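Visitor: Okay, here's the prediction I keep looking at, along with the sequence it came from:
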Amino acid sequence: MLYDRIIGQGTINEPGGKPEPVFALPSTVNWMRALRILVGGGQINFATANAFYAGQTRRMMDTLHENTVLEQLFLSLHHLSALDRLSAVAPVADVARIGILTWYYGVSNAASAMTAAQDGTFQEDHAGTARVWDNAIAMRGLAMGPFGWRVSSLVERVFASEVDVYRAGSMTNLQVEPTTPADAQGAAASYLSGSAKWYAWRTTEEVRRSREFRALNVNNFRTKAARTLRDPRLGSRCIGFVHEASRYRGKANYREALFLAYGKNIETTLAGFVADQTTVLRAFVAMAGAFALRKLGRTLWDEFVADVEANRAFTTTAASVWR
């Protein structure tokens with residue numbers, strides 16, 4: 001009954017019907033599995049991140065900026081600890097949705113720590129955090145592995161060619177569980193492509209609602225005047241990993257009520273899901289910590305880690321991630 005009502009009839013915000021869970025669930029689970037494969041096996045940890053950031057030097061910053069970096073890192077470690085504990089909960093359907101939220105906020109806090117350490121910027125909204133991290137970190141080659149994957153434009157012919165580079169010939173898509181690094185590249189590239197299309201659609205809808213577009217008295221972009229309003233916006237916008245993470249959170253938090261918690265086969269599909277999220281978040285938090293170490297300097301960093309070790313009230317140790 002619930003399936004027929006929500007998917008077939010729709011809701012107030014989507015009167016045409018919600019997306020089919022049969023497509024939403026595999027893409028959600030398989031993207032995280034792909035990321036876990038790409039960061040697993042020791043590719044991204046504190047030691048490898050330290051080597052990656054060997055060329056970064058300390059940035060002189062005032063106490064408020066230092067405190068912001070430390071606060072955001074502490075928050076990210078707390079989210080990681082919570083997610084690690086959630087990975088042991090059964091059934092997974094009980095915690096799958098809250099796991100995605102915990103994962104996202106861990107990523108967001110760690111990203112905020114990196115941008116504050118890099119140039120003193122700090123955003124308190126999701127879109128701002130994604131934009132600033134992409135500009136300050138990913139665009140400058142300061143993100144490791146799949147966390148650095150990004151597209152430089154929302155014009156499809158541009159981002160499609162950039163996604164193909166990451167795909168590296170893999171034909172695996174998000175409906176197939178990835179099991180090899182090649183599979184993982186294809187699945188992760190598919191999620192990046194889908195995210196670029198989604199952000200392009202959202203940008204196009206912003207143009208549709210603009211006063212300038214309404215003044216044209218058209219309902220599509222077949223005219224040159226309409227394309228002149230849309231295309232520069234698409235061309236100037238880029239997205240990266242934190243944009244993908246924000247979209248991921250939104251799907252779980254605001255839409256698609258059924259896809260994580262409805263159906264007799266859900267638990268089988270969700271096997272290992274929260275554990276995968278934990279591995280991916282651990283890698284991202286380790287990377288952020290290594291970057292912060294270079295920007296804060298060894299003395300303050302060691303003091304921070306020692307203090308967290310002595311006073312944390314949660315399970316995950318700072319030393320297990322940042323030493």
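Guide: The structure has been received and is ready for your questions. Values in this document were obtained by computation on a predicted structure and should not be read as measured data. Numbers count the residues shown, from 1 in each chain.
Visitor: Quick check: which element contains the spatially most central residue of the chain?
Guide: Geometric centre of the chain, nearest residue: Ala245, 2.1 Å, by C-alpha atoms, centre = their mean. Per DSSP states H and E: Ala245 is located in helix 241-254.
Visitor: list the buried ones in that helix?
Guide: Going by neighbour count (16 or more other C-beta atoms under 10 Å), the buried part of helix 241-254 is 241-249, 251-252. All C-beta spots, glycine's among them, are computed from the backbone N, C-alpha and C.
Visitor: Tell me the one of the residues you listed nearest Ala93?
Guide: Distance to Ala93 across the buried residues of helix 241-254 (C-beta to C-beta) is lowest for Ala252, with 12.5 Å.
Visitor: ok, now which ones touch the closest one?
Guide: Applying C-beta atoms under 8 Å, 6 or more residues apart in numbering to Ala252 gives the contacts 28, 96-97, 100-101, 260.
Visitor: Off-centre distance for the helix ranked longest in the chain?
Guide: Longest helix in the chain, counting residues (DSSP state H): helix 181-208. A distance of 12 Å separates the C-alpha centroid of helix 181-208 from that of its chain, computed with C-alpha atoms, centre = their mean, to the nearest Å.
Visitor: Over to stretch 274-288?
Guide: 11 Å.
Visitor: Around the residue nearest to Arg150 when sequence neighbours are not counted, how many other residues sit close by?
Guide: Among residues not flanking Arg150 along the chain, Gly240 sits closest, at 3.6 Å (C-beta to C-beta, 6 or more residues apart in numbering). For Gly240, the count of nearby residues is 25 (other C-beta atoms under 10 Å).
Visitor: what's Gly240 sitting at in phi/psi?
Guide: The phi/psi pair for Gly240 (degrees, to the nearest 10) reads phi -140, psi -160.
Visitor: thinking it is in contact with Asp134, fair?
Guide: Yes: with contact defined as C-beta atoms under 8 Å, Gly240 counts as touching Asp134 (3.9 Å).
Visitor: May I see the buried residues of stretch 207-216?
Guide: 207-208, 213.
Visitor: Now those residues in a markdown table, please, with extra columns for distance to Asp276 and pLDDT.
Guide: What follows is those, written out as a markdown table (distance: C-beta to C-beta, whole Å; pLDDT from 0 to 100):
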| residue | distance to Asp276 | pLDDT |
| --- | --- | --- |
| Val207 | 37 | 97 |
| Arg208 | 37 | 96 |
| Phe213 | 42 | 96 |
